[in-house]
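> how would this look folded up:
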Amino acid sequence: MHEEQLDSQPVHCPYCNMPFELLVDASQGSHETWEDCPYCCAPIQLRILVSPFDGELEDVLVGRDDEVL
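Numbering: from 1, shown residues only. So this is what the prediction gives:
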């Protein structure tokens, strides 16, 4: 996958509150995944929401690893 095909989404780490750009592949549809914070290395839970109608990225929910999103 080429980086230009990824959506860039600004997020904040729920642990250290540092902002960073998250690259999201909307072609996978709605899904959950985890990403380590690039600053504090804490595991961030991500819920990626993609429109089933047009495949566009609708939202990215960010939470601590032990939260229920």
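> Can you tell me how far the residue lying farthest from the centre of the chain is from Gly29?
No residue in the chain sits farther from the centre than Phe53, which is 20.1 Å out by CA atoms, centre = their mean. Note on Phe53: its distance to Gly29, by CB to CB, to the nearest Å, is 12 Å. Backbone N, C-alpha and C define where each C-beta goes, glycine included.
> I'd like to know how many residues surround Gln45.
A total of 18 residues lie near Gln45 under the criterion other CB atoms under 10 Å.
> can you tell me how far it sits from Met18?
Distance from Gln45 to Met18, counting by CB to CB: 16 Å.
> got it, and Phe53?
Taking CB to CB, one finds Phe53 at 34 Å from Met18.
> do Ser27 as well
With distances taken as CB to CB, Ser27 is found 28 Å from Met18.
> pLDDT weak spots in this protein?
1-4 (pLDDT under 70).
> Spatially nearest residue to Val62 (excluding sequence neighbours)?
The shortest distance from Val62 to any non-neighbouring residue, by CB to CB, 6 or more residues apart in numbering, is to Val11 (5.1 Å).
> Quick check: Glu32 touching Arg47?
Yes: counting by CB atoms under 8 Å, Arg47 is a contact partner of Glu32 at 5.2 Å.
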